[in-house]
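Asker: what shape does this take:
(chains A and B)
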Amino acid sequence: GQNIDQPTEMTATEGAIVQINCTYQTSGFNGLFWYQQHAGEAPTFLSYNVLDGLEEKGRFSSFLSRSKGYSYLLLKELQMKDSASYLCAVRGLPPSNTGKLIFGQGTTLQVKP
Amino acid sequence: DARVTQTPRHKVTEMGQEVTMRCQPILGHNTVFWYRQTMMQGLELLAYFRNRAPLDDSGMPKDRFSAEMPDATLATLKIQPSEPRDSAVYFCASGRPGTDPESEQYFGPGTRLTVT
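Answerer: Purely as a prediction, here's the structure:
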């Protein structure tokens, strides 16, 4: 089976740093994705990790530890427009799961002035 | 700027009516996914196609839902008969296969379905 856990809500202040955690249990692992979804809009791709370590992309970074079944998304220099839901998704191994993503419930981040 | 398109964007219908949602994947993408999103369940995979062949529809209620790809540029999701519990936003996503970062999925704008 597969299980993905992330906090439901978080609040942070503009200009600050926030870390959104994701833990997962899967029968096979072939990558972890983070998506951003603004209210009323479609999810958009943020980052991808398949090996352990930190991937940095501008203000956003994503970390993965496969042995711990753990990832986090780090958002620096928060801006008001970062208020959104952040979805953690895990991709399983072929042959039964190639390309199929299992999504967590999402973490709603509210950035306050 | 290539995008996934979906029609209609909004649909209100009465219980028992047939609903058809359409998706045009990004040209060149050969995987298509249908998702349903509700507040309670989050984002759930309903069906998954590769090269127009269904690979996984385990998340789809078979008695009333059907998904097809008549050709590489069109995917359809039908609900017949529709029920109030089907009210949700239905997203289509397309992508390229593989295990590299470029295989992420690109989501369409969604169809917001309300069944009364």
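
Asker: quick one, strands of chain B?
Answerer: Assigned by DSSP state E, the strands in chain B fall at B:5-7, B:10-13, B:19-24, B:31-38, B:42-50, B:53-56, B:65-71, B:74-79, B:88-95, B:106-107, B:111-115.

Asker: actually chain A, sorry about that
Answerer: A:3-5, A:9-13, A:18-25, A:32-37, A:44-49, A:53-57, A:60-65, A:70-75, A:84-91, A:101-103, A:107-112.

Asker: could you dump these to TSV with distance to B:P61?
Answerer: Any C-beta I mention is one placed from the backbone N, CA and C, and that applies to glycine too. Compiled in TSV, the strands of chain A are given as follows (distance: least, C-beta to C-beta, whole Å):
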stretch	distance to B:P61
strand A:3-5	22
strand A:9-13	30
strand A:18-25	26
strand A:32-37	24
strand A:44-49	28
strand A:53-57	37
strand A:60-65	34
strand A:70-75	31
strand A:84-91	22
strand A:101-103	18
strand A:107-112	28
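
Asker: rewinding a little: out of the strands of chain B, which gets the lowest mean score?
Answerer: Across the strands of chain B, the stretch with the lowest average pLDDT is strand B:53-56; it has a mean of 87.

Asker: what about the nearest residue to B:P8 once chain neighbours are set aside, distance to chain A?
Answerer: Once flanking residues are discounted, B:P8 sits nearest to B:T111: 6.0 Å by C-beta to C-beta, 6 or more residues apart in numbering or on different chains. As for B:T111, its distance to chain A is 11 Å (criterion: C-beta to the nearest C-beta, to the nearest Å).

Asker: tell me what B:T111 is bridged to.
Answerer: B:Y90 (DSSP bridges).

Asker: who in chain A is up against chain B?
Answerer: Taking C-beta under 8 Å from any C-beta of the partner chain as the contact definition, chain A meets chain B at A:30-31, A:33, A:41-45, A:48, A:50, A:87, A:96-106.

Asker: mean pLDDT lowest where, among the strands of chain A?
Answerer: strand A:101-103 (a mean of 88).

Asker: thought B:A75 was touching B:H29?
Answerer: No: using C-beta atoms under 8 Å, B:A75 is not in contact with B:H29, being 10.7 Å away.

Asker: sorry, back to before: okay, the strands of chain B in TSV with mean neighbour count next?
Answerer: Formatted as TSV, those follow (neighbours: other C-beta atoms under 10 Å in any protein chain shown):
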stretch	mean neighbour count
strand B:5-7	16
strand B:10-13	14
strand B:19-24	19
strand B:31-38	23
strand B:42-50	20
strand B:53-56	15
strand B:65-71	15
strand B:74-79	19
strand B:88-95	23
strand B:106-107	22
strand B:111-115	18
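
Asker: out of those strands, which gets nearest to A:M10?
Answerer: strand B:42-50 (16.4 Å; C-beta to C-beta).

Asker: next, the angle from the closest one to strand A:84-91.
Answerer: Computed by axes from the mean of the first three to the mean of the last three C-alpha atoms, to 10 degrees, the angle separating strand B:42-50 from strand A:84-91 equals 40 degrees.
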